[in-house]
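[1] Sequence plus the predicted model coming up.
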Amino acid sequence: MTDILFQPLKLGAIEVKNRIFMAPLTRGRAAEPPFTPNALMATYYRQRAGAGLIISEATGISREGLGWPSAPGIWSEEQTEAWKPVTEAVHEAGGTIVLQLWHMGRLVHPDFLDGNPPVSASVTTAPDHAYTPQGKKPYEPSRALGIHEIPRVVEDYARAAANAKRAGFDGVQLHAANGYLVDQFLRDGTNLREDEYGGSPENRTRFLREVLEGIVSEWGADRVGIRLSPNGDSQGCDDSNPEATFGAAARVCEDLGLAFVELREPGPDGTFGRTDVPKQSPMIRQIYSGPLVLNSDYDGAGAAADVESGKCDAISFGRPYISNPDLDQRIRVGAEFAPNENVPKSWYFPGPDGYVDYPTLAEQEVA
């Protein structure tokens with residue numbers, strides 16, 4: 001039944017060997033500061049090169065946009081050079097990898113910004129707490145990006161995309177989901193602007209379009225993807241009419257001819273989204289004609305069924321890839337997924353434990 005998952009797929013100019021993708025997973029192993037990748041990260045990604053496509057962990061496009069302890073960046077020369085051994089390791093193992101471009105917007109705590117407020121579409125405050133090097137702290141109010149500042153942020157995205165090309169990635173994905181900066185512009189619960197970047201869904205997608213145009217100018221649309229999360233509240237970021245908002249976003253993706261769209265559609269055990277909100281993938285599939293990737297709470301049989309039915313073209317797996325570096329092979333033979341032990345502690349703590357020490361199925365059978 002899972003044979004469909006092992007058929008190759010073209011994502012624009014990116015050719016992948018199977019339809020089992022590794023979703024972006026923040027793991028907090030970069031050197032801090034200056035937020036640089038390292039040899040441990042190269043090992044981690046190499047181990048998972050059996051995925052048809054690896055979408056890297058969310059990676060900061062600028063100091064202003066990165067507010068997660070020990071998450072990597074790609075705005076500096078040092079960071080760009082440090083990514084090269086990672087992409088080389090994946091390619092040597094026969095894998096394909098794209099970099100996810102990340103600006104957290106209002107979810108950056110001022111501790112990361114020398115005490116200055118984070119930027120967002122409007123003056124709002126995220127719920128709950130931020131993770132900082134000093135522990136959890138309540139989020140603080142953001143400030144609205146001025147119109148004169150928006151070109152600077154767009155350029156930050158384009159520069160980071162250019163750095164990703166120099167670092168050897170096969171393409172990039174814009175993180176426009178989960179309540180981060182682009183999502184804050186998209187949704188009317190966080191975008192309260194009264195200028196050309198606020199109001200109608202078309203206006204609220206203006207920032208998204210400009211960012212994508214900047215990235216496409218560096219890569220070409222056929223190596224640029226996007227992640228969206230159109231199903232309910234994401235870290236306090238919500239919308240009163242998701243069908244209109246994300247329909248407009250899908251039209252931007254179609255207009256620009258993006259290589260792929262990945263949608264986070266949580267199931268009963270998912271995060272960053274309510275399960276009582278109707279799935280938006282059927283609507284988006286009617287608007288965006290390129291490859292559609294679905295994510296969240298899949299097993300092998302469910303993934304195969306949705307690809308076979310035409311609901312999507314590939315499935316990205318997140319948490320299962322933490323403890324199953326050979327997830328594609330486990331799905332191929334119908335083996336059970338190894339559990340994520342010591343989770344969530346090992347998700348973000350530094351060091352190899354719970355990161356690169358999970359055995360493959362073959363290693364388990366020998367032990």
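    Here it is on my side, so go on.

[2] C-alpha only now, for contacts and for neighbours.
    Fine.

[3] Quick check: the gap between Ile97 and Ser76.
    20 Å (Cα to Cα, to the nearest Å).

[4] no no, Ala259
    26 Å.

[5] These two: who's more crowded?
    Per other Cα atoms under 10 Å, whichever of Ala259 and Ser76 has more neighbours is Ala259, with 25 against 18.

[6] got the contact list for that one?
    Applying Cα atoms under 8 Å, 6 or more residues apart in numbering, we find Ala259 in contact with Leu11, Gly12, Ala13, Ile14, Ala221, Asp222, Arg223, Val224, Gly225, Gly290, Pro291.

[7] export those to TSV and tack on neighbour count?
    Shown next, in TSV, are the contacts of Ala259 (neighbours: other Cα atoms under 10 Å):
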residue	neighbour count
Leu11	21
Gly12	18
Ala13	14
Ile14	18
Ala221	22
Asp222	18
Arg223	23
Val224	31
Gly225	29
Gly290	19
Pro291	19
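
[8] What about these, which are in strands?
    Among the contacts of Ala259, the members falling in strands (DSSP state E) are Leu11, Ile14, Val224, Gly225.

[9] Contact partners for the first one?
    Listed by Cα under 8 Å, 6+ apart, the contact set of Leu11 reads Asp222, Arg223, Ala259, Phe260, Gly290, Pro291.

[10] ok, and what's touching the helix or strand containing Thr43?
    Take DSSP states H and E as the rule and Thr43 turns out to sit in helix 39-47. Residues outside helix 39-47 that contact it (Cα under 8 Å, 6+ apart) are 29-30, 85-87, 89-90, 93, 95, 325-326, 352, 355-356.

[11] swap in stretch 351-366?
    Residues contacting stretch 351-366 (Cα under 8 Å, 6+ apart): 29, 40, 43-44, 47, 322-326, 329-330, 341-342, 346-347.

[12] which one of those residues has the most neighbours?
    Neighbour max across the contacts of stretch 351-366 (other Cα under 10 Å) = Pro325, 27 neighbours.

[13] Name the nearest residue to it, ignoring sequence neighbours.
    Arg48 (4.8 Å; Cα to Cα, 6 or more residues apart in numbering).

[14] Surely the one you found touches Ser323?
    No - in this structure, Arg48 is not within contact of Ser323 by Cα atoms under 8 Å, at 10.3 Å.

[15] what about the residue nearest to Asn324 when sequence neighbours are not counted, how many neighbours?
    Spatial nearest neighbour of Asn324, excluding adjacent residues (Cα to Cα, 6+ apart): Ala338 at 6.1 Å. Ala338: 18 surrounding residues under other Cα under 10 Å.

[16] on that earlier part again, for the residue nearest to Pro325, which residues are in contact?
    Neighbouring residues of Arg48 by Cα under 8 Å, 6+ apart: Met22, Ile54, Tyr321, Pro325, Asp326, Leu327.

[17] Return, as residue ranges, the portions of this protein with sub-threshold pLDDT.
    1, 267-276, 341-345, 367 (pLDDT under 70).

[18] where along it do the strands fall?
    9-11, 14-16, 20-22, 53-60, 97-102, 119-120, 129-132, 135-138, 143-144, 172-175, 224-228, 260-264, 292-295, 314-317.

[19] Direction included, what does the first one pair up with?
    Here strand 9-11 has these sheet partners by DSSP bridges: strand 14-16 (antiparallel).

[20] Residues in contact with the strand it pairs with: which ones?
    Under Cα under 8 Å, 6+ apart, the answer for strand 14-16 is Pro8, Leu9, Lys10, Gly52, Leu53, Thr96, Asp170, Gly171, Asp222, Arg223, Ala259.

[21] can you tell me how far the third one sits from Ala164?
    Okay, so that is Lys10. In terms of Cα to Cα, Lys10 sits 20 Å off from Ala164.
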